[in-house]
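*Asks:* I'll drop the sequence and a predicted model, then ask my questions.
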Amino acid sequence: MKEGRPGWEAAVRIGLAAGLAVVFVSGLLALLGVSPARAFMEMASGSVGSAGKLADVLVAWVPLLLVASGLLVTFAAGLWNIGIEGQVMMGAVFTTWMLRLLQDAALPPALVLALAIGAGMLGGALWAVFAGLLKTHGGVNEIFGGLGLNFVASGLALWLIFGPWKRPGVGSMSGTEPFPEALWLPQIGALRLSGWALALGVLGIVLVGALLRGTYFGLKVKAVGRNARAAFLLGIPTTRYMLSGFALCGALAGAAGALQVTAVYHRLIPAISSGYGFLGLLVAMLSGYRALAVPFVAFFFAALNIGSIQLPIVFRLDSSLSGVLQGMLVLCVLVVHGARRRFRREAAP
Amino acid sequence: MNGESLVLVGLAGILSSATPLLFAAIGETLAERAGVINLSLNGTILLSAMGSFGVAVKTGSLALGFLAGAVIGAFMALIVAFGSITLRQSQVAVGFVLAMVGRDLSYFLGAPLMGRPGPTVPSWPVPALGDIPVLGPLLFRHDLPTYAGFLLVAGAWFWLYRTRPGLILQGVGERPAAAHARGANVNRLRYLYTIFGGALVGLAGPIYSLSIKAGWMGTISGLDGLGWIALAITIFGGWNPWRAALGAWFFALLQWLGLVLQPHLPGVPMQVLQVAPFPLMILALLLVNAGNAEWVQRALAALSEPRRRAAARLLRSLRAAPPASLGEHFESR
C-alpha cells in the first residue's frame, strides 16, 4: 500500500492537503462567527499548553498508537479491519473480567494487572480472529463482519454493565464499580498518565515496525496483501497469514482496551473504546501505512481530541470539530494524492 | 382495540419505520450494481438528517427539507465517485473517511438545532383504499415517504430487470469491458448511478428527522449506526431491490419485537434488545455467503445425493454474489 518514497514531494503533498483541510475548517468556523485563529490557538493551548494537558494528550496517544500499530499489520495483509472498535471493547471486557475474578485473591497486584492486560489482549485477538474466520471460512467481507461484531461487542459490554456486573443497587451508564487503587497502573506523580501504559504503546509500534520491515513473517504478510492469489500459488498459506494478521491486530487493540480499564477509567464504561478504533484507521491512512509516521500522526490526532475540549467551554461550539479536521486531512491527502497521479498520467505521452 | 387490529397496527408501523433503511439500501444497491461501493452511508444519513431538518426549520418548507437531504446525499456520493473513478483512490478509503467526516460535521453544525421544534410530515391515508379491511390499515394509512418507498422498491426492480438501461447497468457492474464494447460509457454511468443512489440515501435523512424521529438531537438522536445497517441490508439483499426491502422490513420487525418483548423480559436491559438484531444480521450474512465458501461445497459433496440436492437448493436460494467488478477501477484505454 506504500506509494513512492518519502521525500520533499511527499512533504509538499501533505502540506497542500493539510492547507486544504485547514481552509475548510476555518471556513466552517468563520461561518459560525468564530475567529479560526482564536479557535486554533485555544485548541493548541488546550492540548500542549501545560504539563497537565500534555499528559492528557499522551493518555489519548497510547491507545491510538496501539490501535494504529495493529492496523498497520492488517493493512499490510490487504485487510480493512473495521471491526477494530469492537476489538478494543472486548479487550476492555476481558480485562475487567479478569480483574473481577482476581481482585479478592491473595495475589500480588502486579501479577493481577499483568494477567488482566494479557486477558485483554487475548479478548481482542479472539474477536479479531472471529471476524477473520467469517471472512476466510464464511465468505463474509471483513468490513461487514467487523461492523456487525462492533455492535455485538458494545451490546455485550452494555449487558454486563447493566446486568451481571452492575453496581450495587442499580446499573447505570457510569459503568461498573471502580476497582481498588491497588489495581490501578501506577501513575506519574499527580498526572493521569501511567508510565507503564506509555511503555506498552511505544513497544507496540516498535514491535510492529520491526516485524513488517525485518522479518520473514512481515514479508509474507505483505505478499498476501499485495496479491493473495499469487502468494497462495507461491506456497504461502494465505488463510493462516490473514488470520495471524487479524490476531496480532486484535491483540494490540485489546491491549488498548485493557489500558483504558487499568490506567484511565479503572472500571468498565459503555463508551470504553472512545472511538479510538475508527480514529486509528484514519491515523494509519494519514501515516501512509508507515510505522515511522504513526507516532507523530497519532500524537497530532490525540492533541486535536484533547484541544477540542476547549471549544464548548470557550466558544460554545461542539467538540466534534476535531473529528471534522482529522477526517478532512485524510480526505484531502487522498484527493491530492489521486490528483497528482492523474496529472502525471495525462502528462505522459 | 382487539388483538387482530393490534397486530395490524404493529405490522403497519414496521412497514413505515423501515422506510429510511429502504431508501438507503435501494440507493446503495443501485450504486453497487454499477460497481461503486459508497461506504459513506453512516455519515451521509446523519448529515442529511441534520441538514434537511435545518433547512425545513429555516424555510418552514418540508419539500425544501427533503430536497436538501437528497442534494446532501448526492454531493457525498459525488465525492466518492470523483475520488474513486476520476482520482482512482480506494473506494473503501474515501467512503470510510466520509462516513467519519459526515458524522462529526452533522454534530458540529447541528449543535444550534438541538431540540428545536420543527415541521413533520403529516400522515395521509389514501382516500378510498384506506378503508379496505386489513389491507387498508396495513398499506394505505401512512405518510407520503412510506408510499414512495413501496413504489421505489417496485420501480427499482422494474428498472433493473425489465428495461434496457437496467440491463446495461447490470452489465456495467458485472462485465464493464463488455458493456464498454457494446457502447456503454462505463465511468459516466458509474458517476450517474452513484450520485442518484446517493440522493436516495440522502432522502433517508429527512425521513428520520422530519418524520420518524422528528427533530435533531445530536449524538442522542439514535441515528448513528443506521448507515452501517443499511450497508449490511444491501448485502443481505443480494443486490436485489425486493430482497433489500425484505431485509429492511425484517430489521424493523426485530427492533419492534425488542420494544414489545422488553416488558416481558425484565432481566434484560433495553440496550441489549436494541443491539439484538446485529448478531442475527451477521448470521444472515453468513447464510447468504456460505454457499460461496469452499469448505461448504466440500461438505455438500460428502452428503448423500437427495440430501445434497436439498441442501444445495436451500443455499442457492439464499446465496448472493456481489457484482463482479464491485470496487474495481475501469479504464477504457
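*Replies:* Looks like it came in fine.

*Asks:* show me the contacts for residue A:291.
*Replies:* Taking Cβ atoms under 8 Å, 6 or more residues apart in numbering or on different chains, we find residue A:291 in contact with A:69, A:72, A:205, A:208, A:209, A:212, A:213. Every C-beta, even on glycine, is put in place using the N, C-alpha and C of the backbone.

*Asks:* now residue A:72. Nearest residue, chain neighbours left out?
*Replies:* Excluding the flanking residues, the one nearest residue A:72 by Cβ to Cβ, 6 or more residues apart in numbering or on different chains is residue A:208, at 5.4 Å.

*Asks:* what's the burial count for the residue in the stretch 201-349 of chain A that chain B sits nearest to?
*Replies:* Here the residue of the stretch 201-349 of chain A nearest chain B is residue A:338; by Cβ to the nearest Cβ that distance is 2.7 Å. For residue A:338, the count of nearby residues is 19 (other Cβ atoms under 10 Å in any protein chain shown).

*Asks:* which elements pack onto the helix or strand harbouring it?
*Replies:* Using DSSP states H and E, the element containing residue A:338 is helix A:321-347. Secondary-structure packing of helix A:321-347 (3 or more Cβ pairs under 8 Å, 6 or more residues apart in numbering or on different chains; DSSP states H and E): helix A:8-31, helix A:276-286, helix A:294-307, helix B:91-110.

*Asks:* these two touch, right, residue B:197 and residue B:23?
*Replies:* No. Counting by Cβ atoms under 8 Å, residue B:197 does not reach residue B:23; the two are 10.0 Å apart.

*Asks:* list the residues that contact the closest residue in space to residue B:118 that isn't next to it in sequence.
*Replies:* Nearest non-adjacent residue to residue B:118, counting by Cβ to Cβ, 6+ apart: residue B:57, 4.6 Å away. Applying Cβ under 8 Å, 6+ apart, we find residue B:57 in contact with B:113, B:116, B:118, B:119.

*Asks:* only whichever of those are buried, select them in ChimeraX.
*Replies:* Applying 16 or more other Cβ atoms under 10 Å in any protein chain shown to those leaves a buried subset, and the ChimeraX line that selects it is:
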select /B:113,118,119
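
*Asks:* residues in contact with the closest residue to residue A:311 other than its chain neighbours?
*Replies:* Of all residues not flanking residue A:311 in the chain, residue A:317 sits nearest, at 4.3 Å (Cβ to Cβ, 6+ apart). Contact analysis of residue A:317 by Cβ under 8 Å, 6+ apart lists A:29, A:32, A:34, A:39, A:311, B:108, B:111.

*Asks:* now with 7 Å?
*Replies:* By Cβ atoms under 7 Å, 6 or more residues apart in numbering or on different chains, the residues touching residue A:317 are A:32, A:34, A:311, B:111.

*Asks:* check those residues and tell me the two furthest apart.
*Replies:* A:34 and B:111 (12.1 Å; Cβ to Cβ).

*Asks:* which parts of the biggest helix by length in chain A are buried?
*Replies:* Secondary structure of chain A per DSSP state H: the longest helix is helix A:109-138. The neighbour-count check on helix A:109-138 (16+ other Cβ under 10 Å) flags A:109, A:112-113, A:115-138 as buried.

*Asks:* again with stretch B:157-172
*Replies:* B:157, B:160, B:166, B:168, B:169, B:170, B:171, B:172.

*Asks:* state the distance from the third one to residue B:241.
*Replies:* Right, residue B:166. Using Cβ to Cβ, to the nearest Å, we find residue B:166 at a distance of 11 Å from residue B:241.

*Asks:* can you check the first one too?
*Replies:* When distances are taken as Cβ to Cβ, residue B:157 and residue B:241 turn out to be 4 Å apart.

*Asks:* the worst-scoring helix or strand of chain A on mean pLDDT and chain B, are they touching?
*Replies:* Sorting the helices and strands of chain A by mean pLDDT, DSSP states H and E puts helix A:142-162 at the bottom, at a mean of 87. Yes. Helix A:142-162 lies within reach of chain B by Cβ under 7 Å from any Cβ of the partner chain, at A:143, A:144, A:145, A:147, A:148, A:151, A:152, A:154, A:155, A:158, A:159, A:162.

*Asks:* of the residues you listed, grab the buried ones for PyMOL.
*Replies:* In PyMOL syntax, the buried subset of the residues of helix A:142-162 next to chain B is picked out as below (16+ other Cβ under 10 Å):
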select buried, chain A and resi 143+144+145+147+148+151+152+154+155+158+159+162
